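Undergrad: Turn this into a model:
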Amino acid sequence: MIEIIKTTLGDQIYTILREDIISQKIKCGEKLTLKALQDRFNISSTPIREAIKRLSQEGLIEHMTNVGAKVIDIKEKDIIEIYDFCSVLDSAALKYAVRSRKHKELVHELENCIKSQEIALNNNDIKSFKLHSDNFHDILYKYANNSRLYDAAKRIRSQFTILANKYQNIVNIENAVLSEHKELLEAIKLKDIENAASIMTRHFENAKNYLLQAIKEDK
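TA: So this is what the prediction gives:
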């Protein structure tokens, strides 16, 4: 039997706007007025308001009553908080995943993910590399098998992806990321949770500091 997934206009508008914000087609700080969105989608304000409400709840926009919204404008303090919070959540996911009964499957998926990262990097396919790099962390959440942890991570990782797309042209740490992922894999293989968590913390700390320094140099 074919599963039919029904979506409302609000769902569709939400999906389109979310992708535009995440990919930075709609830039940080940019206003989203009801009139402009109505003109773009040629629909009434009701589904647009629904989409704006969901995006606001996800922390991607700031809602402005009766006007529309504004895409979040991420400052240095926000960058620090986003990276630090992601570090805490991913370290928790890591611990749950390593304790999983499916440890062999976890290791196998992570090994294949790293191979995909290496292939992408050898082909200088940075976009593909970033997708596989993100998937490395997604795999940890998959085997952590904790829906509440995943829900907490989903919102902050949307903001994290905005950062990655906004500053993708000035941050080039792919080799360092791959090296740290390999370190994580070795610790996970040994079920050395303490060492793996330490590597994860350093992984995010290094990425955060590199980004902050790159932003300063780019000004």
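Undergrad: From here on, just use CA atoms for contacts and neighbour counts.
TA: Will do.
Undergrad: list the contacts for the closest residue to residue 144 other than its chain neighbours?
TA: Excluding its sequence neighbours, the residue lying closest to residue 144 (Cα to Cα, 6 or more residues apart in numbering) is residue 97, at 4.1 Å. Applying Cα atoms under 8 Å, 6 or more residues apart in numbering to residue 97 gives the contacts 103, 106, 140, 141, 142, 143, 144, 145.
Undergrad: tell me which residues in the helix or strand of the chain with the lowest mean pLDDT are buried?
TA: Ranked by mean pLDDT, DSSP states H and E, the weakest helix or strand in the chain is strand 61-64, scoring a mean of 83. Judged by neighbour count (16 or more other Cα atoms under 10 Å), strand 61-64 contains these buried residues: 61, 62, 63.
Undergrad: so what strands line up beside whichever helix or strand comes after that strand?
TA: Counting by DSSP states H and E, the next helix or strand C-terminal to strand 61-64 is strand 68-71. Neighbouring strands of strand 68-71 in its sheet, by DSSP bridges, are strand 31-33 (antiparallel), strand 61-64 (antiparallel).
Undergrad: What is the longest helix along the chain packed up against?
TA: Criterion DSSP state H: the longest helix present in the chain is helix 193-218. Helices and strands touching helix 193-218, by 3 or more Cα pairs under 8 Å, 6 or more residues apart in numbering; DSSP states H and E, are helix 76-98, helix 174-189.
Undergrad: Name the helix or strand for the residue nearest the centre of the chain, please.
TA: Nearest to the geometric centre of the chain sits residue 157, at 3.3 Å (Cα atoms, centre = their mean). Using DSSP H and E, the element containing residue 157 is helix 147-166.
Undergrad: Now do that helix against helix 76-98: the angle between them, please.
TA: Angle, helix 147-166 to helix 76-98, by axes from the mean of the first three to the mean of the last three Cα atoms, to 10 degrees: 130 degrees.
Undergrad: what packs against helix 147-166?
TA: Short answer (3+ Cα pairs under 8 Å, 6+ apart): helix 147-166 packs on helix 9-22, helix 76-98.
Undergrad: Switch the ones you listed over to a markdown table; also include mean pLDDT.
TA: Below are the helices and strands packed on helix 147-166 laid out as a markdown table (pLDDT from 0 to 100):
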| stretch | mean pLDDT |
| --- | --- |
| helix 9-22 | 93 |
| helix 76-98 | 96 |
